[in-house]
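Chemist: Provide a 3D model corresponding to the input given below.
(one chain, ligands or ions: 1)
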Amino acid sequence: MNREKIADRIYRTFDDAGNVQSLSVLCNELLAQQTVSWLELGNAYRALRGVRLRNVHCRGFSVRLIFNPGRAVNTTASVGPQDIRERPCFLCSSNLPEQQKGILYRNKYLILGNPRPAVPSHLTLASLEHRPQGIVEHADDFLQIAAELGARWTTLYNGPRCGASAPDHLHFQAVPSGLMPIENEINDKKNLLPVNRDHGIRQYLGIGLGRDVIIIEGEAAHTVRDALCEHLEVLKKKAFPSEEEPMVNIMGHFNGESWRLLVFPRRAHRPAAFFKEGEERIVVSPAVMEMAGVIVTPMERDFDRLDAATIESIYHEVSLKYN
Ligand SMILES: [Zn+2]
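Modeler: Modelled structure (predicted):
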């Protein structure tokens, strides 16, 4: 990645040098500016207003289905090593469309409007360096970003083999908080099984939500990070001993006092039905937003026919049981 080229890309800068506006306000301004000055993003947001939505009530939880043909590129992305090697990286700043600008965040990330928003106000936070996606090494960044975006945003991470459409380029996403069904479902204590309360950390397993989720809450970033890394180590030993990191999707939120992380352990990237042909194919590719209860499909046929039993079965197939 060529750092000299970044100067052309900067809409605003956010660092320790006396920011007048909060990061959240800057991000909203960026999106407002980009939807006007960058035609592709303006069109994507206009298209988003017309998407079809449907809530499906499953056993113990619910999901929101979204029919969004604009997300086909993400849902069907080829992310095998050869496909990745052979395409220009769309998160490297030298390959961004000319009108795309971002917020230079702490001289480490460029915060960008996601060109294919799944929800209104969808950000991508791309590392300035072209380096592999991974959470352990960058967990401190993830927590700091969640804290500095503030309570109105939820920060998202997709593991390189379970949802990241650029597994070769470190990135996070952020969306307005409260849009994803699981964010409300875990406020109901009956859905939480307490597992640990040591060192100022509160940890739970989600129960009856159709997929396993680990919940970590705490006021100190380093203890939240350490708890996350311990869970990742357990998952790695359990199912992925030869991999760099276990398959996980992560959501992070900071309410002004404490962080809350949701970690979804995964055993498969896509359900078997994704790989079938013809009528049997279901074009759903679960990443962090799907695990959080927002299921995006680019196919109207799937939007119309997905029912509670099929959705429960997809979650069962792609989730890893934690204990
Ligand atoms: Zn790159």
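Chemist: Every contact and neighbour count from this point should use C-alpha atoms.
Modeler: OK.
Chemist: check which helix or strand covers the residue nearest the centre of the chain.
Modeler: The chain has Leu156 as the residue nearest its centroid, 3.3 Å off, counting by CA atoms, centre = their mean. If you go by DSSP states H and E, Leu156 is part of strand 153-158.
Chemist: what angle separates the helix or strand following that strand from strand 153-158?
Modeler: Downstream of strand 153-158, the next assigned helix or strand under DSSP H and E is strand 171-176. Orientation of strand 171-176 against strand 153-158 (axes from the mean of the first three to the mean of the last three CA atoms, to 10 degrees) gives an angle of 150 degrees.
Chemist: Contacts for the helix or strand just after strand 171-176 next, please.
Modeler: Later in the chain than strand 171-176, the nearest helix or strand by DSSP H and E is helix 181-185. For helix 181-185, the surrounding residues in contact (CA atoms under 8 Å, 6 or more residues apart in numbering) are 61-64, 177-178, 191, 292-294.
Chemist: In PyMOL, how would I select the buried members of the residues you listed?
Modeler: Entered in PyMOL, the line below selects the buried ones among the contacts of helix 181-185, by 16 or more other CA atoms under 10 Å:
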select buried, resi 61+62+63+64+177+191+292+293+294
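Chemist: So which of the contacts of helix 181-185 sit within strands?
Modeler: Judged by DSSP state E, strands contain the following of the contacts of helix 181-185: 61-64, 294.
Chemist: Select the longest helix from the protein.
Modeler: For the chain, the helix with the greatest residue count under DSSP state H is helix 221-239.
Chemist: Tell me the predicted confidence for Asp212.
Modeler: Asp212 is assigned a predicted lDDT (pLDDT) of 97.
Chemist: measure it to the ion for me?
Modeler: Distance of Asp212 to the ion, given as CA to the ion, to the nearest Å: 32 Å.
Chemist: List the buried residues in stretch 316-323.
Modeler: So stretch 316-323, judged by 16+ other CA under 10 Å, has buried residues 316-320, 322.
Chemist: hang on, the earlier thing: give me the residues contacting the longest helix of the chain.
Modeler: The set of residues external to helix 221-239 that reach it, using CA under 8 Å, 6+ apart, is 136, 139-140, 143, 199-201, 216-218, 243, 245-246, 259, 265, 267, 322.
Chemist: Distance of Arg85 relative to Ser78?
Modeler: Separation of Arg85 from Ser78 (CA to CA, to the nearest Å) stands at 11 Å.
Chemist: With Ala72 instead?
Modeler: Ala72 is 11 Å from Ser78, by CA to CA.
Chemist: of the two, who's got more company?
Modeler: Ala72 (16 against 13; other CA atoms under 10 Å).
Chemist: Outside of the strand or helix carrying that one itself, list whatever touches it.
Modeler: If you go by DSSP H and E, Ala72 is part of helix 72-75. With contact meaning CA under 8 Å, 6+ apart, helix 72-75 is reached by 165, 283-285, 297-298.
Chemist: Quick one: those residues as CSV, columns for distance to the ion too.
Modeler: Putting the contacts of helix 72-75 into CSV (distance: CA to the ion, whole Å) gives the following:
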residue, distance to the ion
Ser165, 11
Val283, 26
Val284, 25
Ser285, 22
Thr297, 26
Pro298, 25
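Chemist: Of those residues - the most surrounded one?
Modeler: Going by other CA under 10 Å, Thr297 tops the contacts of helix 72-75 with 27 neighbours.
Chemist: was I right about that one contacting Ile66?
Modeler: Yes - with contact defined as CA atoms under 8 Å, Thr297 reaches Ile66; the gap is 6.2 Å.
Chemist: so what's in contact with the two at the same time?
Modeler: Residues touching both Thr297 and Ile66 by CA under 8 Å, 6+ apart: Phe303.
Chemist: Pretty sure Pro117 sits in a strand.
Modeler: No - using DSSP: H, G, I helix; E, B strand; the rest coil, the secondary structure at Pro117 is coil, not a strand.
Chemist: Next, count neighbours for it.
Modeler: Applying other CA under 10 Å, we find 20 residues neighbouring Pro117.
Chemist: got a list of what it touches?
Modeler: 44-45, 48, 71, 123.
Chemist: What ranges does the chain have for its helices?
Modeler: 23-37, 39-48, 72-75, 81-86, 139-149, 181-185, 221-239, 288-291, 300-305, 308-318.
Chemist: looking at the ones you listed, which has the lowest confidence?
Modeler: helix 72-75 (a mean of 73).
Chemist: circling back to that earlier point, ok, residues contacting the strand holding Leu156?
Modeler: So strand 153-158 is contacted by 24, 135, 142, 145-146, 164, 171-177, 248-254, 287-288 (CA under 8 Å, 6+ apart).
Chemist: ok, now with 7 Å
Modeler: Residues from elsewhere that reach strand 153-158 (CA atoms under 7 Å, 6 or more residues apart in numbering): 146, 164, 172-177, 248-253, 287-288.
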